[in-house]
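Undergrad: sequence plus predicted model, see below.
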Amino acid sequence: MSTFDHDTDAQMRRRVADLERTVATLKSQHTESLRLLHDEIGRLQQACALDQLSELIPTDPQSHSQAEMATQTETHESSFPFLASLTEQLINAEAASTLALSAFASQSSQTTAQFAALFQTLSSQVKERDSVIVQLQETMTERDSQLEAMRALVSKQAVELDAVKKRLATSEAVSTQVKKQLASFVSADVLVRESPRRTITRTRTRLHPRAIQIAHHLPRFQSQFHWHFLSAHPCLRPQTQRARTIAKSPLLHVVHDRS
């Protein structure tokens, strides 16, 4: 509700309170006037009853003088203007109270209409706010579902990432092992290349020259027939077996390259 609506509501409430106080004052004045009128009527009735009683009872000229009778007559005559003015005041007060009540009724109807319009406006605003709240709740529900889906996707990706990390760790371990093997191979190759003559000399001193010559040509004699032929030769059998063993080592390939 805006500030203007609050001010209008406060003004209407103040006006209604003022009207209620005015009506209460008029009612109290009317009640007081009626009470005074009833009191005067009762007093007059008592006076009339006393007059009637005095008329019924024979008066003694000696007990009731002419002056007392004149005083009572003047009192009764003086009370009539007061009654007339009191009656006029009562009529005026009743008319004023009637006008005030009619004005209050019209203002009450206007106030009721204004309250009805204000209530309708507030109801429409409340309905609009309720619809907005419902839309916001639907949006929040949709966002919650999207967040749940995103959380599930993130969890799945985290599991996949862990698997990838494990594979990477395994690959790194394998790579480290391969690097170590390559380093050992390179160190062995460097060692062999640094002393080729001594290796060849040592090889030639240990093997028969014919076996070394056969070992040089072993890549061309890898079939079972040639191995059977060489093994069947009585002079080359030990040398052939030894040459076949030497041909499988990388040292002999170095000898081939240096020869």
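TA: Looks like it arrived, so ask away.
Undergrad: what helix or strand is residue 154 located in?
TA: Assigned by DSSP states H and E, residue 154 belongs to helix 66-194.
Undergrad: my error: substitute residue 14 in the last question.
TA: helix 3-56.
Undergrad: pLDDT on the helix holding residue 154, on average?
TA: Helix 66-194 shows a mean pLDDT of 78.
Undergrad: ok, now stretch 19-30?
TA: Stretch 19-30 comes out at a mean pLDDT of 76.
Undergrad: what does it contact?
TA: Residues from elsewhere that reach stretch 19-30, judged by Cβ atoms under 8 Å, 6 or more residues apart in numbering: 90, 93, 94, 96, 97, 100, 101, 103, 104, 107, 108. Glycine gets a C-beta too; all of them are placed from N, C-alpha and C.
Undergrad: neighbours of the third one, how many?
TA: By the measure other Cβ atoms under 10 Å, the count of residues near residue 94 is 14.
Undergrad: do you know how far residue 105 is from residue 33?
TA: 22 Å (Cβ to Cβ, to the nearest Å).
Undergrad: between those two, who's got more neighbours?
TA: Neighbour tally, residue 105 and residue 33, criterion other Cβ under 10 Å: the higher count belongs to residue 33, 19 against 11.
Undergrad: ok, the nearest residue to the more buried one once chain neighbours are set aside - contacts?
TA: Nearest residue to residue 33, sequence neighbours excluded (Cβ to Cβ, 6 or more residues apart in numbering): residue 90, at 4.8 Å. Residue 90 sits next to 30, 33, 34, 37 when contact means Cβ under 8 Å, 6+ apart.
Undergrad: picking that back up, for ChimeraX, write the selection for the buried entries among the contacts of stretch 19-30.
TA: Listed next is the ChimeraX selection for buried residues among the contacts of stretch 19-30, using 16 or more other Cβ atoms under 10 Å:
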select :90,93,97,100,101,104
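Undergrad: so which of the contacts of stretch 19-30 is the closest to residue 136?
TA: Within the contacts of stretch 19-30, proximity to residue 136 (Cβ to Cβ) peaks at residue 108, which comes in at 40.6 Å.
Undergrad: ok, now how distant is the closest one from residue 17?
TA: Distance from residue 108 to residue 17, by Cβ to Cβ: 12 Å.
Undergrad: residue 15 touches residue 110, doesn't it?
TA: No: contact criterion Cβ atoms under 8 Å: residue 15 and residue 110 do not qualify, at 9.6 Å.
Undergrad: which segments of the chain make up each domain?
TA: The record's domain parsing of the chain by automatic domain parsing lists 3-127, 195-258.
Undergrad: count of neighbours near residue 23?
TA: 15.
Undergrad: what separation is there between it and residue 16?
TA: 11 Å.
Undergrad: and for residue 155?
TA: Counting by Cβ to Cβ - residue 155 and residue 16 are separated by 65 Å.
Undergrad: neighbour count: those two, which is higher?
TA: In this view residue 155 and residue 16 are compared by other Cβ under 10 Å, and residue 16 has more residues nearby, 15 against 10.
Undergrad: the more buried one reaches residue 114, doesn't it?
TA: No: judged on Cβ under 8 Å, residue 16 makes no contact with residue 114 at a distance of 10.7 Å.
Undergrad: residues near residue 118, how many?
TA: 15.
Undergrad: distance of residue 24 relative to residue 99?
TA: Counting by Cβ to Cβ - residue 24 and residue 99 are separated by 16 Å.
Undergrad: average pLDDT across stretch 44-56?
TA: 60.
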